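Asks: A predicted structure for the sequence below; I have some questions about it.
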Amino acid sequence: MSEVRVIPVSGIPELEQGDDLGALLAARCELQDGDVVVVAQKAVSKVEGRVVSLVGVEPSPRALELAGEEDPRHVEVILRESARVVRARPPLLISETPHGFVCASAGVDASNAPGPDLLVLLPVDPDASAVRLRARLRELTGRDVGVIVSDSFGRPWRQGTTDVAIGTAGIEPLRDLRGVRDRAGYELRSTQIAVADELAGAAELVLGKVRGIPAAIVRGVDVRGEGTARDLVLPAERSLFP
(Lines give C-alpha, C1' and ligand atoms only; values in the text may rest on other atoms or scores of the structure.)
Protein backbone atom coordinates (compact mmCIF):
# COMPACT_ATOMS: atom_id res chain seq x y z
CA MET A 1 0.00 0.00 0.00
CA SER A 2 1.36 3.39 -0.99
CA GLU A 3 0.91 6.62 0.92
CA VAL A 4 -2.69 7.85 1.04
CA ARG A 5 -3.32 11.59 0.76
CA VAL A 6 -6.50 13.60 1.30
CA ILE A 7 -6.35 16.94 -0.52
CA PRO A 8 -9.00 19.64 0.04
CA VAL A 9 -10.39 21.46 -2.99
CA SER A 10 -10.75 25.06 -1.84
CA GLY A 11 -11.90 28.25 -3.52
CA ILE A 12 -15.31 26.98 -4.59
CA PRO A 13 -17.86 29.84 -4.41
CA GLU A 14 -21.34 29.53 -2.89
CA LEU A 15 -23.15 27.18 -5.23
CA GLU A 16 -26.48 27.80 -6.94
CA GLN A 17 -28.83 25.79 -9.10
CA GLY A 18 -27.40 25.24 -12.57
CA ASP A 19 -23.76 25.83 -11.64
CA ASP A 20 -21.26 23.61 -13.46
CA LEU A 21 -19.82 21.80 -10.46
CA GLY A 22 -17.47 19.71 -12.58
CA ALA A 23 -15.95 22.79 -14.19
CA LEU A 24 -15.55 24.52 -10.83
CA LEU A 25 -13.74 21.51 -9.40
CA ALA A 26 -11.58 20.92 -12.48
CA ALA A 27 -10.39 24.54 -12.40
CA ARG A 28 -9.19 24.26 -8.81
CA CYS A 29 -7.35 20.96 -8.67
CA GLU A 30 -4.88 18.83 -10.59
CA LEU A 31 -6.39 15.38 -10.95
CA GLN A 32 -4.52 12.14 -11.56
CA ASP A 33 -5.83 8.85 -12.92
CA GLY A 34 -7.13 6.75 -10.04
CA ASP A 35 -8.00 9.71 -7.80
CA VAL A 36 -11.30 9.61 -5.96
CA VAL A 37 -13.14 12.94 -5.84
CA VAL A 38 -15.38 13.13 -2.78
CA VAL A 39 -18.06 15.81 -2.99
CA ALA A 40 -20.32 16.86 -0.14
CA GLN A 41 -23.98 16.10 -0.76
CA LYS A 42 -25.04 19.69 -0.18
CA ALA A 43 -22.85 20.88 -3.05
CA VAL A 44 -24.53 18.42 -5.39
CA SER A 45 -28.01 19.17 -4.08
CA LYS A 46 -27.59 22.92 -4.50
CA VAL A 47 -26.52 22.75 -8.14
CA GLU A 48 -29.33 20.27 -8.84
CA GLY A 49 -31.93 22.58 -7.30
CA ARG A 50 -32.73 20.34 -4.35
CA VAL A 51 -33.45 23.30 -2.09
CA VAL A 52 -36.95 24.06 -0.81
CA SER A 53 -38.43 27.07 0.93
CA LEU A 54 -40.54 26.71 4.05
CA VAL A 55 -42.68 29.58 2.83
CA GLY A 56 -45.98 28.13 1.75
CA VAL A 57 -45.40 24.67 3.28
CA GLU A 58 -48.60 23.59 5.02
CA PRO A 59 -47.87 21.17 7.88
CA SER A 60 -50.04 18.06 8.05
CA PRO A 61 -51.61 16.81 11.28
CA ARG A 62 -48.82 14.21 11.49
CA ALA A 63 -46.17 16.95 11.21
CA LEU A 64 -47.88 18.97 13.93
CA GLU A 65 -47.94 15.88 16.13
CA LEU A 66 -44.25 15.12 15.65
CA ALA A 67 -42.85 18.64 15.65
CA GLY A 68 -42.52 19.21 19.39
CA GLU A 69 -40.74 22.55 19.62
CA GLU A 70 -39.48 22.26 16.03
CA ASP A 71 -41.01 24.18 13.14
CA PRO A 72 -43.80 21.86 11.90
CA ARG A 73 -43.14 23.01 8.33
CA HIS A 74 -39.63 21.56 8.63
CA VAL A 75 -41.08 18.30 9.90
CA GLU A 76 -43.58 18.28 7.03
CA VAL A 77 -40.72 18.47 4.50
CA ILE A 78 -39.00 15.57 6.29
CA LEU A 79 -42.17 13.48 6.06
CA ARG A 80 -42.49 14.24 2.36
CA GLU A 81 -38.90 13.04 1.82
CA SER A 82 -39.44 9.83 3.85
CA ALA A 83 -40.49 6.45 2.54
CA ARG A 84 -41.25 5.59 6.19
CA VAL A 85 -40.53 6.87 9.66
CA VAL A 86 -38.43 4.27 11.45
CA ARG A 87 -38.33 5.92 14.89
CA ALA A 88 -39.66 9.17 16.31
CA ARG A 89 -38.83 11.04 19.49
CA PRO A 90 -40.22 14.48 18.74
CA PRO A 91 -38.75 16.47 17.21
CA LEU A 92 -36.15 13.85 16.20
CA LEU A 93 -37.14 11.60 13.30
CA ILE A 94 -35.20 8.65 11.95
CA SER A 95 -36.51 7.94 8.47
CA GLU A 96 -35.90 5.65 5.56
CA THR A 97 -35.51 7.63 2.34
CA PRO A 98 -36.71 6.45 -1.08
CA HIS A 99 -33.06 5.58 -1.77
CA GLY A 100 -33.11 3.05 1.11
CA PHE A 101 -30.94 5.11 3.47
CA VAL A 102 -31.95 5.13 7.14
CA CYS A 103 -30.87 8.46 8.60
CA ALA A 104 -31.89 11.42 10.71
CA SER A 105 -34.54 13.70 9.19
CA ALA A 106 -34.47 11.85 5.83
CA GLY A 107 -31.32 13.84 5.05
CA VAL A 108 -33.23 17.15 5.16
CA ASP A 109 -30.97 19.83 6.64
CA ALA A 110 -31.00 23.56 7.29
CA SER A 111 -27.25 23.83 7.96
CA ASN A 112 -25.28 25.42 5.11
CA ALA A 113 -28.53 26.21 3.31
CA PRO A 114 -28.24 29.22 0.98
CA GLY A 115 -30.60 31.37 3.05
CA PRO A 116 -33.11 31.55 5.91
CA ASP A 117 -36.23 29.37 5.76
CA LEU A 118 -34.53 27.14 3.20
CA LEU A 119 -33.85 23.43 3.50
CA VAL A 120 -31.45 21.27 1.48
CA LEU A 121 -32.70 17.84 0.40
CA LEU A 122 -30.79 14.78 -0.74
CA PRO A 123 -30.26 14.42 -4.50
CA VAL A 124 -33.05 12.49 -6.22
CA ASP A 125 -30.52 9.88 -7.45
CA PRO A 126 -27.07 10.35 -5.86
CA ASP A 127 -25.52 7.55 -7.92
CA ALA A 128 -26.65 9.25 -11.13
CA SER A 129 -25.26 12.54 -9.79
CA ALA A 130 -21.89 10.85 -9.26
CA VAL A 131 -21.96 9.37 -12.77
CA ARG A 132 -22.64 12.78 -14.34
CA LEU A 133 -19.94 14.50 -12.32
CA ARG A 134 -17.40 11.80 -13.19
CA ALA A 135 -18.18 12.13 -16.88
CA ARG A 136 -17.85 15.91 -16.71
CA LEU A 137 -14.48 15.70 -14.94
CA ARG A 138 -13.21 13.25 -17.52
CA GLU A 139 -14.41 15.52 -20.33
CA LEU A 140 -12.59 18.52 -18.86
CA THR A 141 -9.41 16.89 -17.55
CA GLY A 142 -9.00 13.64 -19.47
CA ARG A 143 -8.48 11.86 -16.16
CA ASP A 144 -10.09 8.58 -15.11
CA VAL A 145 -11.29 9.32 -11.58
CA GLY A 146 -13.87 7.90 -9.21
CA VAL A 147 -16.52 10.05 -7.60
CA ILE A 148 -18.25 9.78 -4.24
CA VAL A 149 -21.18 11.91 -3.09
CA SER A 150 -20.95 11.95 0.70
CA ASP A 151 -23.20 12.89 3.59
CA SER A 152 -22.96 12.82 7.38
CA PHE A 153 -24.83 9.99 9.08
CA GLY A 154 -25.21 9.02 12.69
CA ARG A 155 -24.61 5.40 13.70
CA PRO A 156 -26.64 3.15 16.00
CA TRP A 157 -24.92 2.60 19.36
CA ARG A 158 -22.14 5.07 18.52
CA GLN A 159 -21.96 8.75 19.33
CA GLY A 160 -21.00 11.29 16.70
CA THR A 161 -21.48 11.36 12.95
CA THR A 162 -19.23 10.23 10.14
CA ASP A 163 -19.48 10.79 6.42
CA VAL A 164 -20.68 7.92 4.27
CA ALA A 165 -21.14 7.43 0.54
CA ILE A 166 -24.66 8.01 -0.76
CA GLY A 167 -23.60 8.03 -4.42
CA THR A 168 -20.63 6.51 -6.26
CA ALA A 169 -19.26 6.17 -9.77
CA GLY A 170 -16.16 4.50 -11.13
CA ILE A 171 -15.20 2.76 -7.89
CA GLU A 172 -15.81 -0.53 -6.13
CA PRO A 173 -17.92 0.66 -3.19
CA LEU A 174 -18.03 -2.68 -1.38
CA ARG A 175 -14.95 -4.89 -1.40
CA ASP A 176 -15.93 -8.52 -0.97
CA LEU A 177 -13.24 -10.59 0.78
CA ARG A 178 -15.35 -13.70 1.26
CA GLY A 179 -13.34 -16.75 0.23
CA VAL A 180 -9.98 -14.98 0.67
CA ARG A 181 -7.58 -16.53 3.17
CA ASP A 182 -5.77 -14.46 5.79
CA ARG A 183 -2.06 -14.80 6.66
CA ALA A 184 -2.85 -17.69 8.98
CA GLY A 185 -4.75 -19.51 6.26
CA TYR A 186 -8.21 -18.86 7.70
CA GLU A 187 -10.85 -18.44 5.02
CA LEU A 188 -12.88 -15.27 5.43
CA ARG A 189 -16.58 -16.09 5.28
CA SER A 190 -18.42 -12.83 5.87
CA THR A 191 -15.95 -9.96 5.48
CA GLN A 192 -17.05 -7.14 3.20
CA ILE A 193 -15.30 -3.76 3.43
CA ALA A 194 -17.33 -0.59 2.90
CA VAL A 195 -14.53 1.07 0.93
CA ALA A 196 -16.65 3.99 -0.27
CA ASP A 197 -17.70 4.84 3.29
CA GLU A 198 -14.08 4.70 4.47
CA LEU A 199 -13.02 7.13 1.74
CA ALA A 200 -15.95 9.44 2.51
CA GLY A 201 -14.98 9.46 6.18
CA ALA A 202 -11.36 10.21 5.33
CA ALA A 203 -12.38 13.11 3.09
CA GLU A 204 -14.59 14.58 5.81
CA LEU A 205 -11.46 15.26 7.87
CA VAL A 206 -10.66 18.12 5.49
CA LEU A 207 -14.22 19.05 4.54
CA GLY A 208 -16.06 19.54 7.80
CA LYS A 209 -19.29 21.39 8.51
CA VAL A 210 -17.94 24.93 8.78
CA ARG A 211 -14.85 25.19 6.57
CA GLY A 212 -16.64 25.95 3.32
CA ILE A 213 -14.73 23.23 1.46
CA PRO A 214 -17.21 21.09 -0.51
CA ALA A 215 -14.84 18.55 -2.06
CA ALA A 216 -11.62 16.64 -1.51
CA ILE A 217 -9.38 14.31 -3.49
CA VAL A 218 -8.34 10.98 -2.00
CA ARG A 219 -5.14 9.83 -3.69
CA GLY A 220 -3.10 6.66 -3.35
CA VAL A 221 -5.89 4.07 -3.01
CA ASP A 222 -6.76 2.01 -6.08
CA VAL A 223 -10.48 1.34 -5.80
CA ARG A 224 -11.38 1.47 -9.47
CA GLY A 225 -14.28 -0.79 -10.32
CA GLU A 226 -18.02 -0.96 -10.73
CA GLY A 227 -20.94 -0.61 -8.36
CA THR A 228 -23.25 1.92 -6.78
CA ALA A 229 -23.85 3.28 -3.30
CA ARG A 230 -27.04 1.24 -3.19
CA ASP A 231 -24.75 -1.80 -2.87
CA LEU A 232 -23.94 -0.52 0.63
CA VAL A 233 -27.57 -0.61 1.81
CA LEU A 234 -28.24 -3.74 3.85
CA PRO A 235 -31.13 -5.73 2.37
CA ALA A 236 -34.14 -5.75 4.66
CA GLU A 237 -34.17 -9.56 4.85
CA ARG A 238 -30.66 -9.55 6.32
CA SER A 239 -31.32 -6.90 8.96
CA LEU A 240 -31.65 -8.03 12.57
CA PHE A 241 -33.50 -4.83 13.44
CA PRO A 242 -36.82 -3.62 12.04
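Replies: Received, thanks.
Asks: so in this structure, which strand runs the longest?
Replies: Using DSSP state E to define each element, the chain has its longest strand at strand 158-169.
Asks: wait, what's in contact with Ile94?
Replies: 85-88, 102-104 (C-beta atoms under 8 Å, 6 or more residues apart in numbering). Backbone N, C-alpha and C define where each C-beta goes, glycine included.
Asks: the same query, at a cut-off of 10 Å, please.
Replies: 82, 85-88, 102-106, 154, 156 (C-beta atoms under 10 Å, 6 or more residues apart in numbering).
Asks: one step back: chain center to the longest strand of the chain, what's the gap?
Replies: The chain centre lies 6 Å from the centre of strand 158-169; the measure is C-alpha atoms, centre = their mean, to the nearest Å.
Asks: cool, stretch 143-151 as well?
Replies: 11 Å.
Asks: buried residues, it. List them.
Replies: Residues of stretch 143-151 classed as buried under the neighbour-count rule (16 or more other C-beta atoms under 10 Å) are 143, 145-151.
Asks: Ser129 is in contact with His99, isn't it?
Replies: No - between Ser129 and His99 no contact is recorded; they are 11.4 Å apart, counting by C-beta atoms under 10 Å.
Asks: overlap of the contact sets of those two?
Replies: Counting by C-beta under 10 Å, 6+ apart, the residues touching both Ser129 and His99 are 122-123, 166-167.
Asks: which parts of the chain belong to which domain?
Replies: Segmentation of the chain into domains, based on automatic domain parsing, reads 1-48+123-233, 51-121.
Asks: ok, of those, where does mean pLDDT dip lowest?
Replies: The stretch with the lowest mean pLDDT among those is domain 1-48+123-233, at a mean of 91.
Asks: tell me how far the residue nearest to Arg211 when sequence neighbours are not counted lies from Gly100.
Replies: Counting by C-beta to C-beta, 6 or more residues apart in numbering, Arg211 lies nearest to Pro8, which is 7.9 Å off, once chain neighbours are set aside. Distance from Pro8 to Gly100, counting by C-beta to C-beta, to the nearest Å: 30 Å.
Asks: same question for Glu3.
Replies: From Glu3 across to Gly100, the span is 35 Å (C-beta to C-beta).
Asks: pLDDT value on Glu237, please?
Replies: 85.
Asks: what sits against it?
Replies: For Glu237, the contact set (C-beta under 10 Å, 6+ apart) is empty.
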